[in-house]
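# okay, here's the prediction I keep looking at, along with the sequence it came from:
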Amino acid sequence: MRHIRLRDGRTVPQLGLGTWELTGKQCTASVADALSMGYRHIDTAFAYGNHAQVAAGIAKAGVPREELFVTTKVPLGKQSRSQVLELGTQIRDQLQMEYVDLLLIHWPNRKVPFDETFAAMQELIDRGVSRSIGISNFNADLVTRANEVSPAPIVTNQVEFHPFLFQKKLLETCEALDIRITAYSPIARGEVLQDARMVEIGRAHDASAAQTTIAWLLAKEIIVIPKATSRGHLAANLAAVDISLSTEEISRIDSFDDHRRLVDGPWKHYPLE
Ligand SMILES: NC(=O)c1ccc[n+]([C@@H]2O[C@H](COP(=O)([O-])OP(=O)(O)OC[C@H]3O[C@@H](n4cnc5c(N)ncnc54)[C@H](OP(=O)(O)O)[C@@H]3O)[C@@H](O)[C@H]2O)c1
């Protein structure tokens, strides 16, 4: 598995497993299956309510903690200093691990100054609860502001990113600051499968539209976290790391952007564009 270098000197496996809407025994099974196949990067969040099931999947797979990269996220309504510090205790209790590799602000919150939240996240780094920090759902202006006020380097901005929402300007803003984009809903929550153009490009590589989309994102040095439940989908997504698209194919997929935003968020705090 290829690793991406982060600006604080750490690295992250470029392909990970998303776990939004994975719950109960299915979540435990999918996480364990993914790890047994070779995944080493798991994305979760307090808001997903599945920390305990993710922990059970990790325990079931028996992969040593130091081989894993685990991300979780500070919820929208818990961004004051005391709330963030309390989350640190909950991370250890719920995920059954001393530390997470990455802690993100899940959504920007207009009611809490960024510097307060980032200072508290730095305290969690100092206490050994998180190794790195980042943001999610931050627009280009907010990325720049966050980068200025955070005492710890912001290593990634996790945003919706797929062929129908190719956020070129945001990608360029983040790249200029050495902040990596992590693509969420990377296979457009399944919508790429219905797109005849993606199916056609995939056919030339004996690949599905989902795999082709993942290959397109990997080629852009983007971190990718598709959610998959079945062993078949987990294996297919992992196999996408071996697909090499031509420059022409990549440019063609770039042109499929139609501003299709699939995830509805608390945009009243800050619009995404
Ligand atoms: N930071 C944020 O605000 C935020 C927001 C949204 C998502 N995320 C993160 O990003 C992750 C991924 O996004 P997502 O869950 O919204 O959507 P996604 O990964 O784009 O799509 C998931 C859907 O695609 C299907 N699928 C996966 N692999 C496939 C394959 N090879 N062939 C056909 N279908 C396949 C899955 O089916 P099965 O489950 O049946 O396999 C599921 O229905 C989330 O799980 C979460 O960790 C973060």
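Okay, I see it. Numbering: from 1, shown residues only.

# quick one, strands of the chain?
Counting by DSSP state E, residue ranges of the strands within the chain are 3-5, 11-13, 17-18, 41-43, 69-74, 100-105, 130-136, 154-160, 180-184, 223-224.

# now mean pLDDT, mean neighbour count and distance to residue 59 too, for those, in JSON lines please.
All C-beta atoms are positioned from the backbone trio N, CA, C, and that covers glycine. Written out in JSON lines, the entries for the strands of the chain read as follows (pLDDT from 0 to 100; neighbours: other Cβ atoms under 10 Å; distance: least, Cβ to Cβ, whole Å):
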{"stretch": "strand 3-5", "mean pLDDT": "98", "mean neighbour count": "15", "distance to residue 59": "24"}
{"stretch": "strand 11-13", "mean pLDDT": "98", "mean neighbour count": "18", "distance to residue 59": "20"}
{"stretch": "strand 17-18", "mean pLDDT": "98", "mean neighbour count": "26", "distance to residue 59": "16"}
{"stretch": "strand 41-43", "mean pLDDT": "98", "mean neighbour count": "26", "distance to residue 59": "13"}
{"stretch": "strand 69-74", "mean pLDDT": "98", "mean neighbour count": "25", "distance to residue 59": "13"}
{"stretch": "strand 100-105", "mean pLDDT": "98", "mean neighbour count": "26", "distance to residue 59": "16"}
{"stretch": "strand 130-136", "mean pLDDT": "98", "mean neighbour count": "25", "distance to residue 59": "20"}
{"stretch": "strand 154-160", "mean pLDDT": "98", "mean neighbour count": "25", "distance to residue 59": "25"}
{"stretch": "strand 180-184", "mean pLDDT": "98", "mean neighbour count": "25", "distance to residue 59": "25"}
{"stretch": "strand 223-224", "mean pLDDT": "98", "mean neighbour count": "28", "distance to residue 59": "25"}
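
# quick one: contacts for residue 106?
The contact partners of residue 106, by Cβ atoms under 8 Å, 6 or more residues apart in numbering, come to 45, 46, 47, 73, 74, 75, 76, 136, 137.

# from those residues, which two are the most distant?
Distance extremes for these: the farthest pair is 46 and 137 at 14.8 Å, using Cβ to Cβ.

# tell me which of the two has more neighbours.
When residue 46 and residue 137 are compared on other Cβ atoms under 10 Å, the one with more neighbours turns out to be residue 137, at 24 against 19.

# burial count for the nearest residue to that one once chain neighbours are set aside?
With sequence-adjacent residues excluded and distances taken as Cβ to Cβ, 6 or more residues apart in numbering, residue 137 is closest to residue 107, at 4.9 Å. Residues within reach of residue 107, counting by other Cβ under 10 Å, total 21.
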